[in-house]
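Undergrad: The sequence and its predicted three-dimensional model are supplied below.
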Amino acid sequence: MHELSIVSSVVESVTEALAALPDSSRGARVLEVRLRVGALASVVTESLEFCYGIASEGTPLEGSRLVVNVLPVVMHCEACAEDVELVGVQSFRCPRCGEPCSEMRQGRELEIESFEIDEMSEAEVKP
Amino acid sequence: MTTRIVELRRGILKKNDELAAGLRASYATAGVLVLNLVSSPGTGKTAFLERTLRELKARGARVAALVGDLETDNDARRLAASGAPVRQINTHGICHLDAEMIGKHLDGWEGVLLGGLDYLFIENVGNLVCPSSYDLGEKIRVALLSVTEGEDKPLKYPTLFNSADAAVITKMDIAEPCGFDRETALKNINEIRPGIRIFETSAKTGAGMEEWLEYLAVERGGRGQ
């Protein structure tokens, strides 16, 4: 339900980062934005994609693609002394030894990984 | 067309996380224990909090509460009956509280200074999904579940239950007529958050409140009683 505020913040951050790029990239168009989202980040990919179209309207991100890379939950299992990947999010037990795990190593990420821009060549800039 | 990939590696909720870190530091300086209460609408957060405020006040603790709702100040008025200072936060459609809203409502709260409090309770907007993403700088996040909601709620909403520091089961006084399966509920909470402290309470009869208040006092560092 809060996906619109999440993607609005993505649009804001990428717009800021665009403005901070060197002059040679001025006026660049954004083609794609890549996110890393943990399986426990409480956001729905489809909903992010839907809201992204609305949030990017009228910004340099309009028409770009949103790619959401979902990361599985990784817990540290004390019994195995190893980091283990959970199969789902219904049980926080080590899939190998069955012991409960409470230390999370991955799964709540909510970050912008990168964005791809189309830099116009000089010939295009000066018609 | 020349395309280029720009690495950003930036947290989407970075602004909230930074504000929350600032709040956490100010709570620590003030020596106030801050709790964030999260549940579905109708779990009985307000009734549970009302009783908690009353009992803490009776023990001489200095308490206050911020309460979030989309609209109305009904909950603030209910909680104010406890005699504790209460401030309503209306989010006007936003489904969660964020650190900025907390900061704004703490600033300029007439007659309330963090340094003059032992406990500050934040009652979040009734929602089991979105509030789990927003750090409010709290020390303890409490997930509440009522006996009328079904024992599998922790399995359905693992993101919240997994991020909680304590779980409270409410309305235990009507557990039997509701056919509440206590063992299954406790097992499900433990599957999602192994080892979490679970309190079985009733705001109506006062059951389980003693244990809860003891826990609060310990978390606060043995003071405030």
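TA: Okay, I see it.
Undergrad: got the residue ranges for the strands in chain A?
TA: Counting by DSSP state E, chain A has these strands, from start to end: A:29-38, A:65-71, A:74-77, A:82-85, A:103-106, A:110-119.
Undergrad: And the ones you listed: which comes nearest chain B?
TA: The closest of the strands of chain A to chain B is strand A:110-119. By Cβ to the nearest Cβ, the value is 4.7 Å. (Each C-beta comes from the backbone N, C-alpha and C, glycine too.)
Undergrad: who does the closest one touch, helix- and strand-wise?
TA: Here strand A:110-119 touches helix A:3-19, strand A:29-38, strand B:2-11, going by 3 or more Cβ pairs under 8 Å, 6 or more residues apart in numbering or on different chains; DSSP states H and E.
Undergrad: So for stretch B:146-163, what gets flagged as buried?
TA: Across stretch B:146-163, burial judged by 16 or more other Cβ atoms under 10 Å in any protein chain shown covers B:146-151, B:153-155, B:157-163.
Undergrad: What's the nearest residue in chain A when you look at chain B?
TA: Closest point on chain A to chain B, by Cβ to the nearest Cβ, is A:Pro100, at 3.2 Å.
Undergrad: tell me the contacts of that residue?
TA: A:Pro100 is in contact with A:Phe92, A:Arg93, A:Cys94, B:Asn190, B:Pro194, B:Gly195, counting by Cβ atoms under 8 Å, 6 or more residues apart in numbering or on different chains.
Undergrad: Among the residues you listed, which one sits closest to A:Arg34?
TA: Distance to A:Arg34, by Cβ to Cβ, is smallest for A:Phe92 among those, at 28.0 Å.
Undergrad: isn't that closest one right next to B:Asn162, touching?
TA: Yes: contact criterion Cβ atoms under 8 Å: A:Phe92 and B:Asn162 qualify, at 6.7 Å.
Undergrad: so what's in contact with these two at the same time?
TA: Shared between the contact lists of A:Phe92 and B:Asn162 (criterion: Cβ under 8 Å, 6+ apart) are residues B:Ile192, B:Arg193.
Undergrad: Would you mind listing what in chain A touches chain B?
TA: For chain A, the residues in contact with chain B (Cβ under 8 Å from any Cβ of the partner chain) are A:1-2, A:5-6, A:9-10, A:13-14, A:17, A:21, A:25, A:31, A:35, A:40-43, A:89-93, A:100-102, A:104, A:108, A:110-121.
Undergrad: what would the strands of chain A look like in JSON lines with distance to B:Ser202 and mean neighbour count?
TA: Putting the strands of chain A into JSON lines (distance: least, Cβ to Cβ, whole Å; neighbours: other Cβ atoms under 10 Å in any protein chain shown) gives the following:
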{"stretch": "strand A:29-38", "distance to B:Ser202": "36", "mean neighbour count": "20"}
{"stretch": "strand A:65-71", "distance to B:Ser202": "40", "mean neighbour count": "15"}
{"stretch": "strand A:74-77", "distance to B:Ser202": "34", "mean neighbour count": "18"}
{"stretch": "strand A:82-85", "distance to B:Ser202": "39", "mean neighbour count": "14"}
{"stretch": "strand A:103-106", "distance to B:Ser202": "32", "mean neighbour count": "14"}
{"stretch": "strand A:110-119", "distance to B:Ser202": "37", "mean neighbour count": "20"}
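Undergrad: a markdown table please, covering those and showing mean pLDDT.
TA: Formatted as a markdown table, the strands of chain A follow (pLDDT from 0 to 100):
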| stretch | mean pLDDT |
| --- | --- |
| strand A:29-38 | 96 |
| strand A:65-71 | 96 |
| strand A:74-77 | 97 |
| strand A:82-85 | 97 |
| strand A:103-106 | 96 |
| strand A:110-119 | 94 |
